[in-house]
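S.K.: got a predicted structure plus its sequence, pasted below:
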Amino acid sequence: MHPVTAIPSWQGQPGYAPAAPVGGDIASELAPLRHPLDPDPVPSTKAFGVLALGIVACMTAPVVGGVIPAVMALSLARAARAEMIEAQGFLIGGRWIRLGERLAWIAVVIVLTVVVIGVVAALLRYGDPTAPQNFDSTVD
């Protein structure tokens, strides 16, 4: 704020102007306007793809097939995030990316758990405790 006139410091900068008053709301009077040539913010299609792949990964994770869409979601999330940074705020969908990444990581954990349980079950099932043990003659 300017100490004498009580005008916000951003108000004098180029590209910013106070918004038209709406119902006497002081916050809307001081809000900056967008430039008329700025594009409207649109949802990122990659962000939606990350979310869709995360959901598919969680649904197929118990049958170990979920690791493929999970890896695809994690790699697409990186590209979507870079695209959103490059768009400088005109792409929205950060929440979709975060949710899709979380679902993908959950699917990876589920797949790893299923694999470990399967290996332990196979060892218990096919490990024969009654098989003869052939030790060397020097072992007691």
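M.R.: Received it, and whenever you're ready, just let me know what you need.

S.K.: so who does G100 touch?
M.R.: Going by CB atoms under 8 Å, 6 or more residues apart in numbering, G100 touches 47, 50-55, 73, 77. Placement of C-beta: from N, CA and C, glycine included.

S.K.: could you rerun that using 7 Å?
M.R.: Neighbouring residues of G100 by CB atoms under 7 Å, 6 or more residues apart in numbering: 50-51, 53-54, 73, 77.

S.K.: among those residues, which ones are in helices?
M.R.: Under the assignment DSSP state H, those contribute 50-51, 53-54, 73, 77 to helices.

S.K.: right, and the helix or strand after the helix or strand bottoming out on mean pLDDT in the chain?
M.R.: Sorted by mean pLDDT, DSSP states H and E, the helices and strands of the chain end with helix 26-30, the least confident at a mean of 50. As assigned by DSSP states H and E, the chain's next helix or strand after helix 26-30 is strand 42-43.

S.K.: low-scoring stretches of this structure, by residue?
M.R.: Scanning the chain for pLDDT under 70 picks out 1-34.

S.K.: quick one: the strands in it?
M.R.: 42-43, 91-92 (DSSP state E).

S.K.: the first one: how far from the chain's middle?
M.R.: Relative to the centre of its chain, strand 42-43 is centred 16 Å away, using CA atoms, centre = their mean, to the nearest Å.

S.K.: cool, and stretch 127-135?
M.R.: Per CA atoms, centre = their mean, the centroid offset for stretch 127-135 relative to its chain is 50 Å.

S.K.: CA atoms only: put that stretch into CSV for me.
M.R.: Output in CSV follows, covering the C-alpha atoms of stretch 127-135 (Å, rounded to 0.1, in the frame of the first residue of the first chain):
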residue,chain,number,x,y,z
GLY,A,127,8.4,-76.4,-0.6
ASP,A,128,8.5,-80.0,0.6
PRO,A,129,9.6,-80.2,4.3
THR,A,130,9.8,-84.1,4.1
ALA,A,131,12.4,-84.1,1.3
PRO,A,132,15.7,-85.9,2.3
GLN,A,133,18.5,-83.6,3.2
ASN,A,134,21.8,-84.6,1.7
PHE,A,135,24.5,-83.2,3.9
